[in-house]
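Peer 1: got a sequence here, can you model it:
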Amino acid sequence: MFKKLFGKEEVNKNLEVVAPITGQYVAIENIPDPVFAQKMMGEGFGIEPSEGIVVAPIDGEVINVFPTKHAIGLKAANGVEVLIHVGLETVAMNGEGFTTKVNVGDKVSVGDELLEFDINLIKEKAASTISPVIITNGEVVESFDLVAQGQLDRGQTRVAQISTK
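Peer 2: Purely as a prediction, here's the structure:
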């Protein structure tokens, strides 16, 4: 009824972030890159991948597909923006070994495939395969709680719980 009266739907302030990649959990402070480890880009976590598939960790809209295909940004209905950055120093690969499955503006649901990548090529050509998952607009976040560690399964393991302001 309120939606009809005011044209605005009530947005859920809580957001679950599931693992976008299957692999081993890495604490953000242990990501071997100071930009991520010191949370300069935002709060989050890393994953040491065991396979080369990235899926949507949230329901939302694709807001950024980097031209070098190494990173994808998503935005949830409540405004939280999530960056999935595959590997470290992978921008220098200029898209080699990466295949995107989505475009800017696409709506995605948890578990939808976003990207494929070649782990062995990243090991050969980049600094690390560790893949940061970062909340890039922390100003909208009231709380960020990690709820899983250890082995993570893409599209299945709930890793973080976020509440917005």
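
Peer 1: tell me the backbone dihedrals of Ile28, please.
Peer 2: phi -60, psi -40 (degrees, to the nearest 10).

Peer 1: now Ala77
Peer 2: When read as degrees, to the nearest 10, the backbone of Ala77 gives phi -60, psi -30.

Peer 1: what's the neighbour count on it?
Peer 2: Residues near Ala77, counting by other CB atoms under 10 Å, number 13. For glycine as for every other residue, the C-beta is placed from the backbone atoms N, C-alpha and C.

Peer 1: that one contacts Asn14, doesn't it?
Peer 2: No - using CB atoms under 8 Å as the test, Ala77 is too far from Asn14 to be in contact (11.3 Å).

Peer 1: can you list the buried residues in stretch 20-34?
Peer 2: Within stretch 20-34, the residues that count as buried by 16 or more other CB atoms under 10 Å are 20-23, 25-26, 28, 31, 33.

Peer 1: just the ones of these in strands?
Peer 2: Among the buried residues of stretch 20-34, the members falling in strands (DSSP state E) are 23, 25-26.

Peer 1: could those residues go into JSON lines alongside pLDDT and distance to Asp118?
Peer 2: Shown next, in JSON lines, are those (pLDDT from 0 to 100; distance: CB to CB, whole Å):
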{"residue": "Gly23", "pLDDT": "98", "distance to Asp118": "15"}
{"residue": "Tyr25", "pLDDT": "98", "distance to Asp118": "22"}
{"residue": "Val26", "pLDDT": "98", "distance to Asp118": "20"}
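
Peer 1: reformat those residues as a markdown table; add distance to Asn137.
Peer 2: Below are these laid out as a markdown table (distance: CB to CB, whole Å):
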| residue | distance to Asn137 |
| --- | --- |
| Gly23 | 25 |
| Tyr25 | 23 |
| Val26 | 22 |
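
Peer 1: nearest to Ile72, of the residues you listed?
Peer 2: Gly23 (16.7 Å; CB to CB).
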